[in-house]
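>>> I need the structure of the sequence given here:
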Amino acid sequence: MTQKHYITHRFGTHYAIWFRATKSFVALAPPAYDVFSLYTGKARVGAIREHCQQQYGHLEENIPRFVSEVVSCIRHLSDRRHAAGVSLKHRLKQGAYDGPFHSAASYCIGGKSFHIRYVSPGIRFAIHPLIAHLETTGMKKQGHSISCFTANGLLAYSYRGRVIDAFAPEHSEYFTGGLRQLLYSIVYGKSYNSWMMTLHASGIIKNGQAVLFSAAGGSGKSTVAAMLKAHGYSYLSDDFIAAGENGEVYPFPAAISVKEGAAEKLAEFYPELKAMDAEPAHTGKQVRYLPVHNHTETIEAPFPVRALVFISYKREAPYRFEEVDKSEALQLLLKETWVNPDPQKVSCFFSWVEKTRFFRLQYSKTTEALEAAEKLFAQ
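Coordinates of the predicted model:
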C-alpha cells in the first residue's frame, strides 16, 4: 500500500488516517499506529509482533492477538468492497424520471431564482418548510430548475435534467442535506463537488468570523444560534453548513427549526413564534420555523471559523465549557460531518482541524451559552 492509498496526520499522541479505498477515517495511537506503519511499510506480521512485544509487551497482555486485530482492521479499511458512503447515484441512469410531479414552487435565494418540483407531498414536506419564507410568485419555470423524485426505490434529485445524487429512503437526511448542498453550490457559483465538507451544525458570525455549534439533533444548537442572533450576533445557518477548501463557511437563509421545548424561551425575543402553530418536521419532532433573511447579492462571504463548539443541553446540569484536544475533537467532529473524499480535500480538512480550536459546552441556561460565546470572541 503506497502513500496514495491513505493520508495520515498527527494530532498530539494520535494519528488520523484516511483510507482512500473505503473513504474511511480512523484514529490510532501507539502501539496500534506502529502496527499500521510497519504493515503498510511491507513488514511481515511476525516481525511486527516481535517489535510490539519488545516495545509494548508491558502494556498489552496478548500481543499476537492485538497485532492480528489491528492488521485485520487495516485490511478491512483497505478493501474497496467495504467502502463507506451512502450515495447510490450509480444505480440511476440520466433521465430516470420525467414526471408527473405532485407540486412545484419557486424561490429566490441570494438574488437567484429556483424552481423546484416535488414528486410527492412527503418529499416536499422534507424540504419546503425550511425555505418557505423564500418562496416567490411569478417566476414559474424560469431560473435554476431542480427536480426531487423517486426512482428504482431511491430518493433522488436532478439539476437541469441531470441526476446529481440518489439515496436509499432510510437515508433521507443525506437526501435533504445533499439538496441543500446543491442550493449552496448554485447560490455561490461553486461546483457541487468542490466543498471540503458539510457539517451538521448551526453557526453565528461576529467581526467577520464564525463560531459553529455541532451536535446531534435535539442538543440545543439551533436554540443557541437563535438566542445569539437575538443578542446582536449575525446568523450563519441552522443545522447544515457548507465549508470551502480553506474551511471557510458560507451563510444560508434556511429557517431556524425551533423545537417545542425552546419556543417559549425564544418567544421573548421572537414574538412571532407565539402566533405560529407547531408542525411535525420530517424528523417527526414538533417544530416552528423561524424565517431568516441573511443573504443578499452583496453579502460578505465566506467567513473563517474562529471555533467549533460541541454543544449539549441538559436540564439542571452543571455549566461546563472547556477546550477539547485535537484527537478527541476529530472523533467527535466526524460523527456530524461529511468530508469530501477527494484526497486533496481530505488533506485540507486535516489542515483545517489543525488550525481550528474546539470546545465542549454543556449548559442548562441560555445565559450560560451567551457567556460561552462572549468568551470565544474575546479570546
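>>> Where do the helices of the stretch 51-200 of the chain begin and end?
63-77, 121-131, 172-187 (DSSP state H, counting those that start in this stretch).
>>> Go through the first one and flag the buried ones.
Neighbour-count burial for helix 63-77, counted by 16 or more other CB atoms under 10 Å, picks out 63, 66-67, 70-71, 74, 77. In short, each C-beta sits where N, CA and C put it, glycine included.
>>> Make CSV out of those residues and add distance to residue 163 and pLDDT.
Formatted as CSV, the buried residues of helix 63-77 follow (distance: CB to CB, whole Å; pLDDT from 0 to 100):
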residue, distance to residue 163, pLDDT
63, 50, 94
66, 46, 95
67, 45, 96
70, 40, 96
71, 40, 97
74, 35, 96
77, 29, 95
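>>> what's the closest of these to residue 275?
residue 77 (52.4 Å; CB to CB).
>>> Identify the bridge partners of the spatially closest residue to the closest one that is not a sequence neighbour.
Of all residues not flanking residue 77 in the chain, residue 19 sits nearest, at 4.3 Å (CB to CB, 6 or more residues apart in numbering). Beta-bridge partners recorded for residue 19 (DSSP bridges): residue 6, residue 24.
>>> Please verify my assumption that residue 19 contacts residue 5.
Yes: if you go by CB atoms under 8 Å, residue 19 and residue 5 touch, sitting 7.1 Å apart.
>>> Name the residues that touch the helix or strand bottoming out on mean pLDDT in the chain?
One helix or strand of the chain scores below all others by mean pLDDT, DSSP states H and E: strand 279-280, with a mean of 78. When contacts are defined by CB atoms under 8 Å, 6 or more residues apart in numbering, strand 279-280 is touched by residues 129, 286-289.
>>> possible to save the residues you listed as JSON lines with pLDDT, distance to residue 310 and secondary structure?
Converted to JSON lines, these look like this (pLDDT from 0 to 100; distance: CB to CB, whole Å; DSSP: H, G, I helix; E, B strand; the rest coil):
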{"residue": "129", "pLDDT": "92", "distance to residue 310": "27", "secondary structure": "helix"}
{"residue": "286", "pLDDT": "84", "distance to residue 310": "25", "secondary structure": "strand"}
{"residue": "287", "pLDDT": "87", "distance to residue 310": "22", "secondary structure": "strand"}
{"residue": "288", "pLDDT": "91", "distance to residue 310": "25", "secondary structure": "strand"}
{"residue": "289", "pLDDT": "91", "distance to residue 310": "25", "secondary structure": "strand"}
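>>> And these, which two are furthest apart?
129 and 286 (12.4 Å).
>>> Which residue of the two possesses the greater neighbour count?
Applying other CB atoms under 10 Å to residue 129 and residue 286 shows that residue 129 carries more neighbours, namely 19 against 14.
>>> Provide a list of residues in contact with that one.
So residue 129 contacts 255, 279, 281, 289 (CB under 8 Å, 6+ apart).
>>> I'd like those residues as JSON lines, with neighbour count and distance to residue 320 appended.
Shown next, in JSON lines, are the contacts of residue 129 (neighbours: other CB atoms under 10 Å; distance: CB to CB, whole Å):
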{"residue": "255", "neighbour count": "19", "distance to residue 320": "30"}
{"residue": "279", "neighbour count": "12", "distance to residue 320": "33"}
{"residue": "281", "neighbour count": "18", "distance to residue 320": "29"}
{"residue": "289", "neighbour count": "22", "distance to residue 320": "31"}
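>>> wait, which of the helices of the stretch 51-200 of the chain is closest to residue 83?
Of all the helices of the stretch 51-200 of the chain, helix 63-77 sits nearest to residue 83, with 9.8 Å by CB to CB.
>>> Give me the residues contacting that closest one.
Residues contacting helix 63-77 (CB under 8 Å, 6+ apart): 19, 21-22, 24, 26, 28, 31-32, 35-36, 39-40, 45, 48-49, 52-53, 56-57, 60, 82.
>>> my guess is residue 325 meets residue 12, correct?
Yes: applying CB under 8 Å as the test, residue 325 and residue 12 come out as touching, 5.8 Å apart.
>>> Just give me the neighbour total for residue 274.
Other residues close to residue 274 by other CB under 10 Å number 10.
>>> cool, and residue 175?
24.
>>> for this structure, what are the low-confidence residue spans?
For the chain, applying pLDDT under 70 flags the ranges 1-3, 138-142, 217-218, 282-283, 296-299.
>>> Please repeat the previous calculation with a cut-off of 50.
Scanning the chain for pLDDT under 50 picks out 1-2.
>>> Format the helices of the stretch 51-200 of the chain as JSON lines; extra columns: distance to residue 341.
Shown next, in JSON lines, are the helices of the stretch 51-200 of the chain (distance: least, CB to CB, whole Å):
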{"stretch": "helix 63-77", "distance to residue 341": "13"}
{"stretch": "helix 121-131", "distance to residue 341": "25"}
{"stretch": "helix 172-187", "distance to residue 341": "14"}
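>>> Can you name the residues bridging to the residue nearest to the spatial centre of the chain?
In the chain, the C-alpha nearest the mean C-alpha coordinate belongs to residue 199, at 2.0 Å (CA atoms, centre = their mean). Assessed by DSSP bridges, residue 199 has beta-bridge partners residue 241, residue 337.
>>> Tell me how far it lies from residue 317.
24 Å (CB to CB, to the nearest Å).
>>> Same question for residue 149.
44 Å.
>>> With neighbour numbers in mind, choose between the two.
residue 149 (23 against 13).
>>> What's the local residue count around the closest residue to residue 326 other than its chain neighbours?
Distances taken as CB to CB, 6+ apart place residue 11 nearest to residue 326, at 3.7 Å, with adjacent residues excluded. Residue 11 sits with 18 neighbouring residues when counted by other CB under 10 Å.
>>> is residue 11 in a bridge, and if so with what?
residue 14.
>>> what's it in contact with, if anything?
Residue 11 neighbours (CB under 8 Å, 6+ apart): 27, 325-327, 330, 353-354.
>>> again, 10 Å this time
27, 325-331, 350, 353-354 (CB atoms under 10 Å, 6 or more residues apart in numbering).
>>> I'm done for today, thanks for sticking with me.
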